[in-house]
Each structure stands twice: as structure tokens, then as C-alpha cells.
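Student: Sequence first, predicted model second:
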Amino acid sequence: MTRVHPSALVDPAAELADDVEIGPYALIGPHVVIGARSSIGAHVVLDGRLRMGADNRVAPFCSLGGPPQDKKYAGEPTRLEIGDRNVIREYCYFNTGTAQDEGVTRIGDDNWIMGYVHVAHDCRIGSNTILANSVQLGGHVVVGDWAIVGGLCGVHQFVKIGAHAMVGAHSYLSQDVPPYVLCSGRPAAPHGLNSEGLRRRGFEAAALAALREAYRQLYRSGLSLEAARATIAKQALSEPAAAAPLQLLLDFLASAERGIIR
């Protein structure tokens, strides 16, 4: 049975699964959908066209589904979509999308999003990510699966952070971070492969060795970006055991419109 605190204001048109919990003084708008076993903390505002999956935990004072902070926004029916099993801590603020993009801000599954994080309009957050306290994402930012972004990081609009990358605390990103890369600084600079994170996720020795060589070609060989990509492409063909992770890197490099940190 849905448990709604008497002080909460839930629009009758909102769709809540039978076992959702709504805390004191929460505000739930008419276009909100909340999946099974989710809990919404005190003073949370869920507004706009927001769809949330199952088993999510939203801590007090979050504001999710509000209009984008974009002067071009003219009230279009854009959306925020959140997957399953996400932990969203206090004072987070997530916006809906804009008509200038797909009109959707998307957050995947099993993410750990700490306090005061801002996810701006049209961002796409993968699954199993960690966004530490006070991470600020500009519009249209993409964060790949398993990426970790340290506390107090600022990410410029349209930047992409690749899967399994790790960004150190207090960093500023104005260019893309390739998958698997460890970086930090203002502006952020590469500092090697996220080897420990990859080992924890079960990457085998052959794949790790291949990724180290790919990192060397990309950052320490003196090659241009195009030449490094060509060398890594040959490496992917010659090392079948590492073809999939190398191809993920190659696909990212091919789509890096802002350039990569180097």
C-alpha cells in the first residue's frame, strides 16, 4: 500500500506504484510517474513530465523535473526519465530536456548521486556511475557507464565522459574524457589508465595490457589524434581478446566533437 505522509501534496493525476513512500511536505506534480518500492524524502519536489522506475531512493530537499535553465525554453512538454535503483541524495536538482535536443534528460540504473548535484537539461547519465557531492553538469553532458566524477567538479555543456573514466575532485572539464582514463585538474589533464577501477570490474589481464598500450599511443607516443586512432584500430584487429574494450574507445574518439583532454 502506498504510504503518503499527511502533509505531502500529491496531485491526483500522478501515478504512484502501490508500495511507494512519500515523506513529509513533499510535492508531487500531475505528470509524475513513480515505480515500485521507491521512497521520496521530506520536502522533495517532483514536477514536470517525470518518469521514475523502481527501487529509487530520493533524499530530502531534492527538486527533480523542473524546467531547464535555458533561455530558449518556451514551455515545451519535455521530460526527465530516471531508471531503477538509483540513490539520489540531498538537494539534487535535475532538469527536463529542451526542444533543441531530444527533449529528454535521461538517468540510467544503479547510480549513486550524492548531495547538491545538478544534472542540467538534455544530459544523459549511464548506469552504475558515481557523481560525488556538488558535481555540476552543464546541458547536453553525457556520462558513460561506470564513470566516477569527483566532488565539486564542473563539466562544460556538451562534454562527454567515457565509460569507466574517473575524474578527480575539484576538476574542470571543457573537453571530452575518453573511456578508461583517469584525469584531474583545472583544466583536467590525463594521468593514466583507471586500472584499479577496471580490475574491480573484472577486466582481464589481456584487456588491461591492451588498454595500457592504447593509452600510450593516445597520450605518450607523440602521434596526432588521427594517427593514434589508426594505430589503436590496428591493435583492435590484432588482439581479439581486447577487441570489445578497444572498439568502445575508438567509437568514443570518433564522436568527440569538442576534442579530448590531452
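Tutor: That came through fine.
Student: Double-check that A233 belongs to a strand.
Tutor: No: under DSSP: H, G, I helix; E, B strand; the rest coil, A233 falls outside any strand and is assigned helix.
Student: State the distance from it to E226.
Tutor: According to Cβ to Cβ, to the nearest Å, A233 stands 11 Å off from E226. Yep, even glycine has a C-beta here, placed from its N, CA and C like the rest.
Student: Need the contact partners of the helix or strand harbouring L208.
Tutor: Assigned by DSSP states H and E, L208 belongs to helix 205-219. If you take Cβ atoms under 8 Å, 6 or more residues apart in numbering as the criterion, helix 205-219 is touched by 178, 180-181, 190, 192-193, 195, 198-199, 203, 223, 225, 228, 231-232, 235, 239, 241-242, 245-246, 249, 262.
Student: Please flag which of those sit within helices.
Tutor: Mapping those onto helices (DSSP state H) picks out S195, L198, R199, L225, A228, T231, I232, Q235, P245, L246, L249.
Student: which two in these are spaced the farthest apart?
Tutor: The two members of the ones in helices among the contacts of helix 205-219 with the most space between them (Cβ to Cβ) are R199 and L225, at 27.4 Å.
Student: Provide the count of other residues in contact range of the closest residue to G48 other than its chain neighbours.
Tutor: If the residues on either side of it in the chain are set aside, G48 comes closest to G65, at 3.6 Å by Cβ to Cβ, 6 or more residues apart in numbering. G65: 27 surrounding residues under other Cβ atoms under 10 Å.
Student: Report the beta-bridge partners for Y172.
Tutor: G154 (DSSP bridges).
Student: and the helix or strand the residue nearest to G48 falls within, what does it pack onto?
Tutor: Here G65 is covered by strand 63-66, with elements defined by DSSP H and E. The contact analysis (3 or more Cβ pairs under 8 Å, 6 or more residues apart in numbering; DSSP states H and E) places strand 63-66 against strand 45-46, strand 49-52, strand 79-82, strand 93-95.
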